[in-house]
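1. give me coordinates for this.
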Amino acid sequence: MPHYPQEEIKPYNESESKAVQVEKMFDNIAPAYDNLNHVLSWGIDKSWRRKAINCLKPYHPQRIMDVATGTGDFAIQAFTMLHPQELIGTDISEGMMNIGREKVKQAGFSEHISFAKEDCTNLSFTDNCFDAITVAFGVRNFENLDKGLQEMHRVLVPGGHLVILELSEPEWFPMKQLYALYSKIVIPTLGKLFSKDRSAYTYLPQSIKAFPQGEIMQGIIRKAGFSQVHFQRLTLGICTLYFATK
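-> You can find the predicted model right below:
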């Protein structure tokens, strides 16, 4: 049984598991993903990533995992800003990671950034092996949020840090009303136009609406074993940054 409402929301049908459908969805939209992402967020997503990575700067993490890495934007930006010895991007979509691999190769970072197909609810890594874990716009797609957070807690070293960026719904007038119109009309329309997959960009606002945010998400992260969990709403609540310590 799902623990949280967004775990019940799937891109295509009710018969297949959410994990299978999310993998299929991201494989489908991979070629259009980067351009569409920047268009839908008006390019603000880059500054959100920069703010998230800056949270880790004082701790100088040397081994980082970027969960739900997608096409590698966060991984590349994190490596450029933090200069770790090793950064592993993990995802269930090979289609997305293949684009990431090409971008990493073109940037000349292949020696330091690698990619691995992983299920975030059952990671293959040993306990206590990463200094930091980042997740940008990915936890909303976890089939089991509690298990995903517990697995990330397991593979972090004691004192290691988790940084999560996730899209959220603004709570206050007029941004709340404007965002409601944008998510119902603009996102699905542009999604279908750019990616030819309207279902993927109908799923996006539905999963954002259902996802626990703010104080509720803070409590869920604590329940997974993390301490010192803080959150900050960005751009009038369109995005939320969570920062936690093992």
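2. Three-state assignment for the nearest residue to residue 79 once chain neighbours are set aside, please.
-> What sits nearest to residue 79 in space, not counting adjacent residues and going by Cβ to Cβ, 6 or more residues apart in numbering, is residue 87, at 5.1 Å. Placement of C-beta: from N, CA and C, glycine included. Following DSSP: H, G, I helix; E, B strand; the rest coil, we place residue 87 in the strand state.
3. hang on, isn't residue 165 packed against residue 52?
-> Yes. Here residue 165 reaches residue 52: they are 5.0 Å apart, a contact under Cβ atoms under 8 Å.
4. give me the common contacts of these two.
-> Common neighbours of residue 165 and residue 52 are listed as 134, 136, 241 (criterion: Cβ atoms under 8 Å, 6 or more residues apart in numbering).
5. just give me the closest of the residues you listed to residue 201.
-> Lowest distance from residue 201 to those (Cβ to Cβ) belongs to residue 136, with 17.8 Å.
6. packing partners of the least confident helix or strand in the chain by mean pLDDT?
-> In the chain, the helix or strand scored least confidently by mean pLDDT, DSSP states H and E is helix 187-195, which has a mean of 83. When contacts are defined as 3 or more Cβ pairs under 8 Å, 6 or more residues apart in numbering; DSSP states H and E, helix 187-195 packs onto helix 18-40, helix 198-210.
7. now the shortest one: buried residues?
-> By neighbour count with 16 or more other Cβ atoms under 10 Å, helix 198-210 contains the buried residues 199, 200, 201, 202, 203, 204, 205, 206, 207, 208, 209.
8. for that helix, name the packing helices and strands.
-> With contacts taken as 3+ Cβ pairs under 8 Å, 6+ apart, helix 198-210 sits against helix 18-40, helix 187-195.
9. dump those helices to TSV, plus distance to residue 140.
-> Shown next, in TSV, are the helices and strands packed on helix 198-210 (distance: least, Cβ to Cβ, whole Å):
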stretch	distance to residue 140
helix 18-40	10
helix 187-195	14
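10. what are the pairing partners of the biggest strand by length in the chain, and which direction each?
-> For the chain, the strand with the greatest residue count under DSSP state E is strand 156-167. Sheet partners assigned to strand 156-167 using DSSP bridges are listed as strand 130-136 (parallel), strand 239-245 (antiparallel).
11. which residues are contacting the first one?
-> Judged by Cβ under 8 Å, 6+ apart, the contacts made with strand 130-136 from elsewhere in the structure are 48-49, 52-53, 56, 59, 61-68, 70, 73-74, 78, 84, 152, 155-157, 160-166.
12. just the buried residues of those residues.
-> Applying 16+ other Cβ under 10 Å to these, the neighbour count classes 48-49, 52-53, 56, 61, 63-68, 70, 73-74, 78, 84, 152, 155-156, 160-166 as buried.
13. tell me how many other residues crowd the nearest residue to residue 201 once chain neighbours are set aside.
-> Of all residues not flanking residue 201 in the chain, residue 191 sits nearest, at 2.3 Å (Cβ to Cβ, 6+ apart). The tally of other residues near residue 191 (other Cβ atoms under 10 Å) stands at 24.
14. so who does residue 191 touch?
-> If you count contacts by Cβ under 8 Å, 6+ apart, then residue 191 has 29, 36, 40, 197, 198, 200, 201, 202, 204 around it.
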